[in-house]
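Undergrad: next one to model:
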Amino acid sequence: MSNLKNTQGKMTNYRWVICAMLFFATTINYLDRQVLSLTWDEFIKPEFHWDESHYGDITAIFSIVYAIGMLFAGRFIDWMGTKKGFLWAIGVWSAGACMHALCGIVTEQYVGLSSAAELAQATGDVAVVIATVSMYSFVAARTVLAIGEAGNFPAAIKVTAEYFPKKDRAYATSIFNAGASIGALIAPLSIPLLAKAMGWEMAFILIGALGFIWMAFWVFMYKKPEENPLVNAAELDYILSDRDNEEEKEEKKEEGRKLSFVECFKFKQTWAFAFGKFMTDGVWWFFLFWTPSYLNTQFGIKTSEGLGIALIFTLYAITMLSIYGGKLPTIIINKTGKNPYAARMQAMLMFAFVPLVVLLAQPLGTISPWFPIIMIGLGGAAHQSWSANIFSTVGDMFPKTAIATVTGIGGMAGGIGSMLLQKVAGELFVYAGDTNMTFLGFEGKPAGYFIIFCFCAVAYLIGWTVMKTLVPKYKPITA
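TA: I've put the predicted structure just below:
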């Protein structure tokens, strides 16, 4: 193998090329996920006679399917390997993304109408049937999307563990995880305009096709570092540097034996990671799925208009601050000498306090819509920083053969938490609007949003407290 390596000169940096590929995959992942949230309220809702409960059901089902998919996706990636596993994942979710474009045709065929205009003009029982059939059509497409997307993070975390030593994993994770923010950043600049100019169906098709392009690059660019001719000896030594310490030597002895799926649940480390994901994943997805509707509901601002585009763009531009979140544990390690887990938990506690600013979103929203966007953006940046580090705790504590499986378990827990939050949000907003409920001085749907914002603000502190209680000190799994 050594004859493939360029041993002359300085260390190569191919690991960052692989990190860039993970970044683009995550960007595409979140673009595909955003198409519905940026089109439903303005384009899809009038055509199919939806209200918030229909949309809440779709996002809730997406979340639970994603959760179940995450449970098995990690094991699938461990079994299939990162290269083939990633190809399967992005192929399935790209197909699912494109399938959304067929939902209108399916609904028209079922109710016997011939155009979107006729669907929108329907009334009475026919409108109810249209809403129901279209909702289940979107659920079907969303299910395929969720199954494929469930493989992204288990595969990406496993690739990161293969290509980076422990001290750099959180930073690498924060870089590829920033693809979520970039995807969400590009989305308002492209998706509403595509939907307005070419129809919401073409928005799903064109964005979905990006995944197939990524697959072509991945086939030729990815190999394990030990087998990659573009990784020289110096870089390979750096990538494998953790194996010089006793913990890694012990892990290497166990490398041939995979922890069974059931065995993973025996460790408090698994439950700590899972609970942290359960409490916090839904917060990010709520911001992702509901902010465009929030702007339209509370301020009458549409995402296809200049102000709506600017607000959503600003929100996700702020979340880009998270790219520095993964670097903080490295700084702590270098200054204090703490082990990776202790440094990560210290950083996560700092990030857990930031979402408290979301409590100010509604009160300051009475002054200008820019204030809640800034507050939500800061909460989103804190989430992405938290997310980069919580993912890396798996690599800190589990052998490489179990990383994708445990990541999948945590992803399942996060999906369940998100399902509950999306379902509650949809029902709450309809109830709040119908009853004109009040909460801390706000009435109707704005009162409902305030209640959800209160949960989002404290979720991270609750998650961190339980994680620290379950795993107070660094304790890697070696058997």
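Undergrad: would you confirm that L193 contacts E305?
TA: No. Contact criterion CB atoms under 8 Å: L193 and E305 do not qualify, at 10.5 Å. Every residue, glycine included, has its C-beta placed from N, CA and C.
Undergrad: pull the longest helix from the protein.
TA: helix 400-435 (DSSP state H).
Undergrad: buried ones in it?
TA: Residues of helix 400-435 classed as buried by neighbour count (16 or more other CB atoms under 10 Å): 400-419, 421-430, 432-433.
Undergrad: give me the mean pLDDT for the helix or strand following it.
TA: Scanning forward in sequence from helix 400-435 by DSSP states H and E, the next helix or strand is strand 438-439. The average pLDDT for strand 438-439 rounds to 93.
Undergrad: show me what strand 438-439 is packed up against.
TA: Secondary-structure packing of strand 438-439 (3 or more CB pairs under 8 Å, 6 or more residues apart in numbering; DSSP states H and E): helix 445-470.
Undergrad: so where's the protein shaky on pLDDT?
TA: 1-9, 242-257, 478-479 (pLDDT under 70).
Undergrad: once you drop chain neighbours, what's closest to the most centrally placed residue in the chain?
TA: Centroid-nearest residue in the chain: A180, 6.4 Å away (criterion: CA atoms, centre = their mean). Distance criterion CB to CB, 6 or more residues apart in numbering; nearest residue to A180, sequence neighbours excluded, is Y30 at 4.7 Å.
Undergrad: swap in G325?
TA: S385 (2.4 Å).
Undergrad: any idea which element the one you found lies in?
TA: According to DSSP H and E, S385 maps onto helix 370-397.
Undergrad: now that helix: how far from the chain's centre is it?
TA: Remark: helix 370-397 is offset 11 Å from the chain centroid, using CA atoms, centre = their mean, to the nearest Å.
Undergrad: one more: stretch 471-479?
TA: That offset, for stretch 471-479, works out to 26 Å (CA atoms, centre = their mean).
Undergrad: so where do the strands sit in the protein?
TA: 438-439, 442-443 (DSSP state E).
Undergrad: contacting residues around the first one?
TA: Just to be clear, that refers to strand 438-439. Contacts to strand 438-439, defined as CB atoms under 8 Å, 6 or more residues apart in numbering, come from residues 447-448, 450-451.
Undergrad: partners of it, with directions?
TA: strand 442-443 (antiparallel) (DSSP bridges).
Undergrad: which residues touch the strand it pairs with?
TA: Applying CB under 8 Å, 6+ apart, the external contacts of strand 442-443 come out as 362, 436-437, 449-450.
Undergrad: repeat that for stretch 192-212.
TA: Outside stretch 192-212, the residues touching it (CB under 8 Å, 6+ apart) are 28, 31-32, 35, 38-39, 42-44, 90-91, 93-101, 104, 190-191, 302-304, 308-309.
Undergrad: let me see the contact set for the residue nearest to the centre of the chain.
TA: 26-27, 29-30, 284, 384.
Undergrad: repeat that with 10 Å
TA: 23, 26-27, 29-31, 33-34, 152-153, 284, 288, 316, 319, 322, 380, 383-384, 387 (CB atoms under 10 Å, 6 or more residues apart in numbering).
Undergrad: thinking again about what came up before, other SSEs contacting the longest helix of the chain?
TA: On a contact count with 3 or more CB pairs under 10 Å, 6 or more residues apart in numbering; DSSP states H and E, helix 400-435 meets helix 52-80, helix 152-163, helix 246-253, helix 261-264, helix 268-299, helix 370-397, strand 442-443, helix 445-470.
Undergrad: redo these as JSON lines? Include mean neighbour count and distance to T12.
TA: Shown next, in JSON lines, are those (neighbours: other CB atoms under 10 Å; distance: least, CB to CB, whole Å):
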{"stretch": "helix 52-80", "mean neighbour count": "23", "distance to T12": "26"}
{"stretch": "helix 152-163", "mean neighbour count": "27", "distance to T12": "12"}
{"stretch": "helix 246-253", "mean neighbour count": "14", "distance to T12": "22"}
{"stretch": "helix 261-264", "mean neighbour count": "15", "distance to T12": "35"}
{"stretch": "helix 268-299", "mean neighbour count": "24", "distance to T12": "33"}
{"stretch": "helix 370-397", "mean neighbour count": "25", "distance to T12": "22"}
{"stretch": "strand 442-443", "mean neighbour count": "17", "distance to T12": "56"}
{"stretch": "helix 445-470", "mean neighbour count": "20", "distance to T12": "37"}
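Undergrad: roughly how far apart are the residue nearest to F204 when sequence neighbours are not counted and I309?
TA: Counting by CB to CB, 6+ apart, the nearest residue to F204 once its immediate chain neighbours are dropped is H100, at 4.1 Å. Distance of H100 to I309, computed by CB to CB, to the nearest Å: 21 Å.
Undergrad: and these two? Which one has more around it.
TA: Neighbour tally, H100 and I309, criterion other CB atoms under 10 Å: the higher count belongs to H100, 27 against 21.
Undergrad: can you pull the contacts of the more buried one?
TA: Applying CB under 10 Å, 6+ apart, the residues near H100 are 32, 35-36, 39, 44, 137-138, 140-142, 144-145, 200-201, 203-205, 207-208.
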